[in-house]
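Engineer: Requesting a structural model of the entry that follows:
(2 chains, ligands or ions: 2)
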Amino acid sequence: MENSVRFFSGKNIKIESGSMGVLLKITLPDGTVYEDVEPRRYFPISDISRNISIVRLEEDDRGRDKLHEYFIIKDTANLDEDSRKALLTSLDRYYMIPKILDIYDQKNVYGILQWKVLTDRGVFAFDIRDIYSSIKQLNSGKILVIDAYDNRYEIDDVSKLSKRGQKLLLGYL
Amino acid sequence: MAEETKKMTFEELLATLPCKNKEVPAKFNDLVKSVMSEGETIYFYVISDVVLGSRYGESFVAVTSEQLVSYDEIREEKLLTFKISDIEKAEVKRMYGNALFRIKTGGKIIELNKCSYSVTENFDNIAQYINDLNEGKDRQDLIEAVREAYEKRQLYCPKCGARLPYKNAPCIKCADKKKILGRILGYVKPHILLLIVALIMAVITTITNLVPPLLTARLVDGTLVNVADLVEGTPEMESRVNELFSIVLFLFIINTFQNIVGAFRGYILRTASERITNSLKTELYTKAQYLPIKYYDKTSTGSVISRINGDTANLNGFIMRISQEVLTQAIQLVGIVVVMVSMNPVLSLLSLLPIPIVVVSAKIFSKFIHPYYYRIWKRGAKINSILADTLPGIKVVKAFTSEEKSINNFTETNKDLISENLKTAKISSIYNSATGLVMMMGSIVIWGLGGYMVLTKASFLGSEALTAGGLVAFINYMWMFYNPVQFFVSLNETFISAFTSAERVFEVLDAEPEEDFGRGNIPEGGIQGKIEFKNVSFSYEKGKRILSNVNFVIEPGEIVGIVGTTGSGKSTVVNLLMRYYDNYEGDIFIDGDNIKNIDLQYYRSSIGYVLQEPLLFKDTVYRNIAHSDPTMPVEDVIYAAQVANAHTFITKLPDSYDTMLGERGVGLSGGERQRISIARAVLKDPSILILDEATSAVDSETESIIQEAIERIINGRTTIMIAHRLSTLKKADKIIVVDEGKIAEMGSHNELMEKRGKYYKLVKIQSLASELGDNGVFEG
Ligand SMILES: Nc1ncnc2c1ncn2[C@@H]1O[C@H](COP(=O)(O)OP(=O)(O)O)[C@@H](O)[C@H]1O
Ligand SMILES: [Mg+2]
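Structural biologist: Ligands and ions are numbered 1, 2, ... in the order given. Predicted structure coming up:
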C-alpha cells in the first residue's frame, strides 16, 4: 500500500507567503512548520477551493522533478483570512484557467473555431480545433473550453454572457 | 533539407535571423535595439501572451548575440537585460495553463516572463540554447537547432502572416479554395463519363419539364374553349377531339419518357456515387493503416471512423450536387424566366416580388437553424458513445448492478435529443409554413391580377393579351421557379459543409505516414537477430523522458529477460524495436544495420510479437492464426498451433478451426487466446521473438502450459522476454533491469544475484511472496 496522506480540515493552520509568491510557509496546529511548499488542487476543474494538497518539488539526482506530498487541506473556507489569501495567491499563480465573461467574436473556418473573448484576465483570442471534444459541459453545469494548445478556459454561467455571446455558444453545447 | 541547412555558412545563417514565433511589433524591436551595442545581432524572439500577474498582456524575450532581453509591461522595471554568459541556468517551469521562464544568475533565481501553453515550447528552446551555449557547445549548431524547432511550429502563416490554429496547419486565409474544390472534383474524374451521361439526361428532362404547362395552356385556351357553341359531328368538333387526344397522348409520352430517363439516370448516378464513396473510403482506410502509432495517440479512433463514414458521404453528396444540379437548376431557372417573360413581362415582374423575401428568409433561417443541427448531432454522438461503452462492458454493468443507472443515463440523453429534435422541428415547420404562405400569397396576387388581365384583355408593351390557359401555365411556371431559387440560395451552405468535410478527410490523407526510409532494402541472408541499442532516449510527449540513454547488445540466438517495475519503460523498449515510434534519439541496429534503413514490412515480418493482452479479430480461429497470410499451407498452421499447445483445445471447439470468434476474441478464455496469439507468432517463423508479459494474465497451470510452448519456440531465435514473474526467466542468458527508463543492471542471473542490487531485491521480494503462497519462486 502507498503511504496515506493526512487530511486537515484547515482550522488552526497558518499559511504565509514564502519566496517567489508560489512557495508557502505552513504551520500545522501541532506547531510543525513546512517551508518552501506549494499547493496543488486535486480537482483543478470541478472543485477548486477544496482538497488542496501541499507538496514540495524536489529534483532527484537526474534532475527530474519529484513531487513529495505532505498533507491535504480539506477546505480553504476553514482557513483564517490571511492564510486563505496567501494560499489563493499561490494557487492563482500556478493555475491559469481564465474565466470567459463574454464572447466578442466567433468565426468557424472549416471546423476550426476562432474565438475572441473577454476573460477575467483580459481580452484574448484563440482557436479551438476539435469542437466536439473541446467544448464540454461538466456535470456542475460549468463549461470547459480547451484551445488548440491545450490551454483551458471556463464559463461559469452561460446566462451571464451577453445575449450575443449566449447565441454564439448555443450551437456548440 | 536538413543536409542543406547544415552547409550554410554562419553569415548565411545570420541572414535568416531573427527567429520569431509571431510577428514582432515595431515597438518591441525598438526596445531591444535601444539596449544593444554595436555589432550585436538579434537571434531569437519569443513573443509571449501572459504577463507576470497572470493576465493577458505585452511581454516578450529577445536573445541577442550578447544578452537576454526581457520585457513585461506590468513589471516595475519593464525592460531587463542580462549578459548571456552571466546566466547560470535558464529554465521553464510548467504550471497549469501557463508556464514560467526564469533564470539563475549571481546565485539568485529571477522569474522573468510568463506565457500560456501556446508559447511554452519556444521558451524551452531558448532556455536550452542559453544553457548549451554556456556549456561551450557550438553556437552555429545551437542556433540552427532553435531555428529548426521554431520553423516546425510556425504559429503564423509564412505567406500572409495570419494566425494558424495549430502547428503547421494549412492557412485558412491562403487555402486555395479552388485547389480544394479541384481536389474534390479529382474523385469525379474516373467516373466522368457516367456523370456526363446522367447530366445530359438531366438536361433533357429539365427542358421537357418546361413543355407540359404550355400544353395545358393550349388545352384551356384552344381545345376546351367555347364548348357551348360546339355541335356534335361537325369537322370543328372532330378536330377539337383530335387535338384533345393528341395533347393527352403527347403528355402521356412526355411523362413516360421522363420517368424512363429518370429511372436510368437514377441508376447511373447511384453507380457513380457508390464508386466515388467507395474510392474515398478505401483511400482513407488504407491511409489509416499506414499512419504511425503516434497519430493514434493523439487522435481518437472514433474521429477517424466518423471521417471514414460520415465525411465521405457528405463529400459524395456535394460532388453529386455540383456535378449534376448546378447546370440543370441553372437551365431550369433561365428557361422558366425566358418563357415567363415572353408570356407576360408585367406579370413576370410581379411574380418575382416574393423572391427577395424567400431568399432573405432562407439565408436567415439557415443561419438560425444551423446550431440546432449541431446540437442534435452532438446528442446523437453522445448516445452512440453510451452504447459503445455499456454494451461491450455489459459484464461490468451487471457485476456492479448498475443496469438501472445505465438505463437512466440512456433515457436522459435520449430525452435531451428528442427535445432538441422537437425544437428544431418547431422552427423548421414555422419557417416552411411561412415561406409557403408568402409564395401562396404571391400566386393569389397573380391569380387576381392575371385574371383581371384575362377579363379585360389588357396587354402591355406590345405583348399578346393574356389568356385563361396562359394564366394557368404562368402560375405553374411560377411554382417551378422556386426550386432553383432555393437551390442557389443554399449553395453557399453546401460549399461550406463540403469544405469542412474535405478538410477533415484531407487532414487524414495528408498526415505523414510511417517513414519507410529503407523501402526495398532487404538484408541478404535474412535477419540473424543481433540487436543493439545505442544511446537511445525517448519521450512520448514533450517534457516527460521515458527512456534515457539506453545501451545494450543482444547476440543472435540469445534469450534475454527484461525486468523492472510497472511503468519503468519495458514495453517502450519493445515499441521502439518494433518501430512503432521513430522519433527517438540515438540508434537501434539489427545485425549492424540501422533499423530505420531496413524495409519496414520485411523488418516487422521477421519479428514475432506476443503481447500481454492478446489481440484477436472477429474471424475464425484458423484465420486468426494465419493472420499474416491466410493462404499458408494447412499443415504449417496446425503445426504452429501444436507448438503453441493450442491444437488440442481448438479441436475441441464446436467448429474446430472454423470456430468464429467474437469481437476481440470473445468466446475463448484468456489463456486460450494467448496460445492462439503465440501460434500466430510461431507461424511467422520469426528471427526475433518478443514476449511482453505473455503469461501475466493467466493462471499458473495455463502459465506452465504456455511456458512450455514458449520454451519450445525460442530455440534458435533471439528472444526478448518481458516478465513480471522472474521465475519465467530461468532460461535467460542475460537479464536487463530497467528502472525509470534507464538500464540499472545487466548480466546473468548469477552475476546479478551476487551484485545484490535492484535485481537481487526484486527476486527477494518475489520469493518472500512465494513463501506466502504465491508461485514466484526463482530456481536458479
Ligand atoms: N502512448 C503513450 N503515450 C504517453 N505515455 C505513455 C504511452 N505509453 C506508455 N507511456 C508511459 O511510459 C511509461 C513507460 O511505460 P511502459 O513502457 O509501458 O512501461 P512497462 O515497463 O510497464 O512496460 C509509463 O509511465 C507510461 O505512462
Ligand atoms: Mg508493459
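
Engineer: Backbone dihedrals for A:Ile73, please?
Structural biologist: When quoted as degrees, to the nearest 10, the phi and psi of A:Ile73 stand at phi -100, psi 120.

Engineer: Quick check: the gap between the residue nearest to A:Glu58 when sequence neighbours are not counted and B:Thr41.
Structural biologist: Counting by Cβ to Cβ, 6 or more residues apart in numbering or on different chains, the nearest residue to A:Glu58 once its immediate chain neighbours are dropped is A:Lys66, at 4.9 Å. All C-beta atoms are positioned from the backbone trio N, CA, C, and that covers glycine. For A:Lys66, the distance to B:Thr41 (Cβ to Cβ, to the nearest Å) stands at 40 Å.

Engineer: what's the nearest residue to B:Thr572 if we skip its chain neighbours?
Structural biologist: Using Cβ to Cβ, 6+ apart and skipping residues adjacent in sequence, the residue nearest B:Thr572 is B:Ile546, 5.2 Å away.

Engineer: residues near that neighbour, how many?
Structural biologist: The number of residues packed near B:Ile546 is 19, by other Cβ atoms under 10 Å in any protein chain shown.

Engineer: Give the residue spans of the stretch 251-400 of chain B that score low on pLDDT.
Structural biologist: B:298-303 (pLDDT under 70).

Engineer: How far does the helix or strand hosting B:Ala198 sit from its chain's centre?
Structural biologist: Assigned by DSSP states H and E, B:Ala198 belongs to helix B:192-209. Relative to the mean C-alpha coordinate of its chain, helix B:192-209 is positioned 36 Å out (Cα atoms, centre = their mean, to the nearest Å).

Engineer: What is the following helix or strand past that helix packed up against?
Structural biologist: Moving toward the C-terminus from helix B:192-209, the first helix or strand encountered (DSSP H and E) is helix B:211-218. Helices and strands in packing contact with helix B:211-218 are listed as helix B:235-290, helix B:468-489; criterion 3 or more Cβ pairs under 8 Å, 6 or more residues apart in numbering or on different chains; DSSP states H and E.

Engineer: redo that, cut-off 6 Å
Structural biologist: Secondary structure elements in contact with helix B:211-218, counted by 3 or more Cβ pairs under 6 Å, 6 or more residues apart in numbering or on different chains; DSSP states H and E, are helix B:468-489.

Engineer: B:Lys93: helix or strand, and which one exactly?
Structural biologist: Using DSSP H and E, B:Lys93 sits in strand B:87-94.

Engineer: quick one: the following helix or strand past that strand near chain A?
Structural biologist: Taking DSSP H and E as the definition, the helix or strand that follows strand B:87-94 towards the C-terminus is strand B:99-105. No: contact between strand B:99-105 and chain A, assessed by Cβ under 6 Å from any Cβ of the partner chain, is absent, since the two come no nearer than 8.5 Å.

Engineer: Run through who's touching strand B:99-105.
Structural biologist: B:82, B:86-90, B:92-93, B:109-115, B:120, B:123 (Cβ atoms under 6 Å, 6 or more residues apart in numbering or on different chains).

Engineer: switch to 8 Å and redo it
Structural biologist: B:46, B:61, B:68, B:82, B:86-93, B:109-117, B:120, B:123, B:127, B:130 (Cβ atoms under 8 Å, 6 or more residues apart in numbering or on different chains).

Engineer: Any quick ChimeraX command for the buried ones out of those?
Structural biologist: To isolate in ChimeraX the members of those that are buried, counting by 16 or more other Cβ atoms under 10 Å in any protein chain shown, one can use:
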select /B:46,61,68,82,87,90,91,92,93,111,112,113,114,115,116,117,120,123,127,130
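
Engineer: Contacting chain A as well, which ones from the contacts of strand B:99-105?
Structural biologist: Among the contacts of strand B:99-105, the ones lying near chain A by Cβ under 8 Å from any Cβ of the partner chain are B:109, B:111, B:116-117.

Engineer: got a list of what B:Leu327 touches?
Structural biologist: Under the criterion of Cβ under 8 Å, 6+ apart, the contact list for B:Leu327 reads B:199, B:202-203.

Engineer: What's the ChimeraX line that selects buried ones from these?
Structural biologist: If you want just the buried ones from the contacts of B:Leu327 in ChimeraX, going by 16+ other Cβ under 10 Å, the selection is:
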select /B:199,202
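
Engineer: picking that back up, so the residue nearest to A:Glu58: helix, strand or coil?
Structural biologist: Under DSSP: H, G, I helix; E, B strand; the rest coil, A:Lys66 falls in the strand class.

Engineer: do you know how far it is from ligand 1?
Structural biologist: Computed with Cβ to the nearest ligand atom, to the nearest Å, the distance linking A:Lys66 and ligand 1 is 14 Å.

Engineer: What about that residue, how many residues nearby?
Structural biologist: The tally of other residues near A:Lys66 (other Cβ under 10 Å) stands at 12.

Engineer: Just the pLDDT at the closest residue to chain B within chain A, thanks.
Structural biologist: The shortest separation between chain A and chain B is 2.6 Å, found at A:Gly171 (distances taken as Cβ to the nearest Cβ). Looking at A:Gly171, its pLDDT stands at 78.

Engineer: does chain A sit close to the helix or strand containing B:Ser385?
Structural biologist: Following DSSP H and E, one finds B:Ser385 within helix B:354-390. Yes: using Cβ under 8 Å from any Cβ, we find that helix B:354-390 touches chain A at B:370-372, B:374-375, B:378, B:381.

Engineer: Could I get the average pLDDT for the biggest helix by length in chain A?
Structural biologist: When secondary structure is assigned using DSSP state H, the longest helix within chain A turns out to be helix A:81-94. Model confidence over helix A:81-94 averages 91 on the pLDDT scale.

Engineer: hey, which helix or strand in chain A has the poorest pLDDT?
Structural biologist: helix A:131-134 (a mean of 76; mean pLDDT, DSSP states H and E).

Engineer: Report the mean confidence score over the helix or strand that it is followed by.
Structural biologist: From helix A:131-134 onward toward the C-terminus, using DSSP H and E, the following helix or strand is strand A:135-137. For strand A:135-137, mean pLDDT is 85.

Engineer: And the longest helix of chain A, what does it pack against?
Structural biologist: Using 3+ Cβ pairs under 8 Å, 6+ apart as the contact test, the elements touching helix A:81-94 are strand A:14-17, strand A:24-27, strand A:33-41.

Engineer: Make JSON lines out of the ones you listed and add distance to ligand 1 and mean pLDDT.
Structural biologist: Shown next, in JSON lines, are the helices and strands packed on helix A:81-94 (distance: least, Cβ to the nearest ligand atom, whole Å; pLDDT from 0 to 100):
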{"stretch": "strand A:14-17", "distance to ligand 1": "33", "mean pLDDT": "90"}
{"stretch": "strand A:24-27", "distance to ligand 1": "29", "mean pLDDT": "91"}
{"stretch": "strand A:33-41", "distance to ligand 1": "19", "mean pLDDT": "91"}
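
Engineer: could you dump those strands to a markdown table with mean neighbour count and distance to B:Asn414?
Structural biologist: Rendered in a markdown table, the data for those read as follows (neighbours: other Cβ atoms under 10 Å in any protein chain shown; distance: least, Cβ to Cβ, whole Å):
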| stretch | mean neighbour count | distance to B:Asn414 |
| --- | --- | --- |
| strand A:14-17 | 18 | 48 |
| strand A:24-27 | 20 | 49 |
| strand A:33-41 | 17 | 35 |
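
Engineer: Can you list the helices and strands that the helix holding B:Ser385 packs against?
Structural biologist: With contacts defined as 3+ Cβ pairs under 8 Å, 6+ apart, helix B:354-390 has these neighbours: helix B:403-456, helix B:468-489.
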